[in-house]
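# Pasting the sequence and the predicted model now:
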Amino acid sequence: QVQLVESGGGLVQAGGSLRLSCAASGRTFRSYAMGWFRQAPGKEREFVARITSGVSTYYADSVKGRFTISRDNAKNTVYLHMNSLKPEDTAVYYCAARLGSSYSASYNYDYWGQGTQVTVSS
């Protein structure tokens with residue numbers, strides 16, 4: 001069982017930056033692939049970024065070059081560094097975990113955090 005707790009969301013002006021954190025419980029964090037997803041009001045949850053149990057990373061086209069996913073296995077934490085934020089990045093951001101390979105489809109993930117709100121003003 002893995003418990004995930006996101007933090008770091010908030011209100012920021014367009015062009016600004018935020019860093020989201022997702023702290024995971026458990027002693028096998030390094031074995032988990034981690035993903036970040038987001039859901040805007042009235043829209044479906046969408047893939048943002050993922051990182052394998054190694055260091056391979058993948059991004060949605062909409063955030064490529066602006067967002068960076070990373071992990072610190074010693075701290076059981078995955079991060080999402082968000083730069084050059086746009087109003088369309090406004091959403092609740094969720095981190096997710098699964099044992100083994102990483103995927104972009106949300107249904108592949110077994111564990112989810114409660115989400116953290118990111119609001120980007122124009």
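Arrived safely.
# Spatially central, which residue of the chain would that be?
Centroid-nearest residue in the chain: Trp36, 2.5 Å away (criterion: C-alpha atoms, centre = their mean).
# check which helix or strand covers it.
Following DSSP states H and E, one finds Trp36 within strand 32-39.
# elements contacting that strand?
If contacts are counted by 3 or more C-beta pairs under 8 Å, 6 or more residues apart in numbering; DSSP states H and E, strand 32-39 sits against strand 18-24, strand 46-51, strand 67-72, strand 77-82, strand 91-99. All C-beta atoms are positioned from the backbone trio N, CA, C, and that covers glycine.
# related to what we said a few turns ago, distance of the residue nearest to the centre of the chain from Glu46?
10 Å (C-beta to C-beta, to the nearest Å).
# Go ahead and name everything in contact with the strand holding Trp36.
Contacts with strand 32-39, where a contact means C-beta atoms under 8 Å, 6 or more residues apart in numbering, come from 2, 20, 22, 24, 45-53, 69, 71, 78, 80, 89, 91-104, 106, 109, 115, 118.
# what mean pLDDT does it have?
For strand 32-39, mean pLDDT is 97.
# Give me the angle between that strand and strand 46-51.
If you take axes from the mean of the first three to the mean of the last three C-alpha atoms, to 10 degrees, strand 32-39 sits at 160 degrees to strand 46-51.
# Direction included, what does strand 32-39 pair up with?
strand 46-51 (antiparallel), strand 91-99 (antiparallel) (DSSP bridges).
# Between strand 18-24 and that strand, find me the angle.
Using the same axes, to 10 degrees, one finds that strand 32-39 and strand 18-24 are set 130 degrees apart in direction.
# in strand 32-39, what counts as buried?
Buried positions in strand 32-39, judged by neighbour count with 16 or more other C-beta atoms under 10 Å: 32-38.
# Over to stretch 53-73?
Within stretch 53-73, the residues that qualify as buried by neighbour count (16+ other C-beta under 10 Å) are 53, 58-60, 63, 67-69, 71.
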